[in-house]
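Asker: this one's structure only:
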């Protein structure tokens, strides 16, 4: 099979959570373990960092990869979902996995795939692990998909586990309280392996402490915090502090989203643990890595500027915690009007999100092409019940065209609410 045939085979044959939702979610690791055993257990052949959380895990993964690349290490990066190309999920020093490798992997292992009948995500994890082993990476940064305890990636023994901010998302599968969700995320904590808790959430700290104590795992609560200095369309400057002491001053990052600063403490603490594990990652590498995350790792969709006049932004924030910080950044934009292009999937807490949105904006309701997407007309109707009115569009690009015509040069156009909506923006 060639690459295009392989994608058709994988998409058509295997259940994919991003498309169909929780029916594709498997609550055990049996298939992953069986598939990896058939491949010779490649997950045991490279060092890794494992990252879970509700918000911030993807950008933290990209940032750590960029820092390690800047320190001179051959670095693998596994994230999901992809925005434009399947190959975005698996990277080596920022370069996407070759299409030829994907095609050969699926062709060589078609018999195993059809015997084990794994999900799309389970196959993708196996592909990534085999690629990193074949490429003999110095280290791989592995982002969980959904949850942690039963996530297909949770077969690795990392050098350090990082858990980012916990919020309400996928409550129907992970639990209806923060404690239950935290418990699922804490499932990546391995016996004797250090864990970093990146967010300051005192109400659930005991969940992580109990899991760490159970396995005698050293636990590090990130004690640093970021103080913003300035921001622009190309990035932002901040000081990294602990108590009143500056650890790193005037640090630049090319991630313009304000919420990214909340991830820095966990990233920084994870680097310190890696240094204790035999790596050499100095201040110069930290600064260089944070300053060029987008160019070094290909990160997209985080307060990504599509156009400067009118300022047009795309952001993949799609749940209540992420959108609350995003809206705060919107509120500091300036005097222009907000044109909000939003689409959501059916299994999110749509009503809660709608209540958060700034009422003074001009709204454009959209949908993506994935089956999980809520119809634009249904989202429009739900919004009207919340006191918000706007026009419905069947795709994001039509909405962008109309919003651009409606907007003044000082206005802000924002596309958000769903990764899949952002993915369908032409030229992203």
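Answerer: Structure's in. What do you need? Since we're looking at a predicted model, the values are computed, not measured.

Asker: Could you give me the buried positions within stretch 238-248?
Answerer: Within stretch 238-248, the residues that qualify as buried by neighbour count (16 or more other C-beta atoms under 10 Å) are 238, 240-241, 248. For every residue, glycine as well, the C-beta is placed using N, CA and C.

Asker: Switch those over to TSV; also include secondary structure and pLDDT.
Answerer: What follows is these, written out as TSV (DSSP: H, G, I helix; E, B strand; the rest coil; pLDDT from 0 to 100):
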residue	secondary structure	pLDDT
238	strand	98
240	strand	98
241	strand	97
248	strand	97
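
Asker: tell me the domain ranges of the chain?
Answerer: What automatic domain parsing lists as the domains of the chain is 3-297, 304-423.

Asker: Residue 286 and residue 78, how far apart?
Answerer: Using C-beta to C-beta, to the nearest Å, residue 286 is found at 22 Å from residue 78.

Asker: same deal with residue 330?
Answerer: 31 Å.

Asker: higher neighbour count, the two?
Answerer: Between residue 330 and residue 78, residue 78 has the larger neighbour count (other C-beta atoms under 10 Å), namely 26 against 20.

Asker: For the more buried one, what are phi and psi?
Answerer: The phi and psi torsions at residue 78 (degrees, to the nearest 10) take the values phi -120, psi 120.

Asker: Any stretches of the stretch 251-400 of the chain with poor pLDDT?
Answerer: Per-residue confidence for the stretch 251-400 of the chain (pLDDT under 70) gives these ranges: 333-334.

Asker: can you map out the strands along it?
Answerer: Secondary structure of the stretch 251-400 of the chain (DSSP state E, counting those that start in this stretch): strands located at 304-308, 311-314, 338-342, 362-365, 390-392.

Asker: by contact count, what packs against the shortest one?
Answerer: With contacts defined as 3 or more C-beta pairs under 8 Å, 6 or more residues apart in numbering; DSSP states H and E, strand 390-392 has these neighbours: strand 362-365, helix 376-385.

Asker: looking at these, which is buried most?
Answerer: Each of the helices and strands packed on strand 390-392 was scored by mean neighbour count; the highest is strand 362-365, a mean of 24, by mean count of other C-beta atoms under 10 Å.

Asker: so what does that one touch, helix or strand wise?
Answerer: Contacts defined by 3+ C-beta pairs under 8 Å, 6+ apart place strand 362-365 against strand 338-342, helix 376-385, strand 390-392, helix 396-406.

Asker: Residues contacting it, please?
Answerer: 337-343, 357, 376-377, 379-380, 383, 388-393, 399, 402-403, 406 (C-beta atoms under 8 Å, 6 or more residues apart in numbering).

Asker: Ok, stretch 350-360 next?
Answerer: Stretch 350-360 is contacted from outside by 319-320, 323-324, 327, 330-331, 337-338, 340, 342, 344, 363, 374, 379, 382-383, 386-388, 417, using C-beta under 8 Å, 6+ apart.

Asker: Put the buried members of those into a ChimeraX selection.
Answerer: In ChimeraX, a selection of the buried entries from those looks like this (16+ other C-beta under 10 Å):
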select :319,320,323,327,330,337,338,340,342,344,363,374,379,382,383,386,388,417
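
Asker: one step back: including distance to residue 47, could the helices and strands packed on strand 390-392 go into TSV?
Answerer: Putting the helices and strands packed on strand 390-392 into TSV (distance: least, C-beta to C-beta, whole Å) gives the following:
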stretch	distance to residue 47
strand 362-365	46
helix 376-385	44
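
Asker: Those: which one's closest to residue 149?
Answerer: Smallest distance to residue 149 across the helices and strands packed on strand 390-392 (C-beta to C-beta): 32.1 Å, for helix 376-385.

Asker: mind checking how far that closest one is from the chain centre?
Answerer: From the chain centre to the centre of helix 376-385 is a distance of 27 Å (C-alpha atoms, centre = their mean, to the nearest Å).

Asker: on contacts alone, who are the packing partners of that helix?
Answerer: Applying 3+ C-beta pairs under 8 Å, 6+ apart, one finds that helix 376-385 contacts helix 350-356, strand 362-365, strand 390-392.

Asker: nearest to residue 153, of those?
Answerer: Here helix 350-356 is closest among these (C-beta to C-beta), at 27.5 Å.
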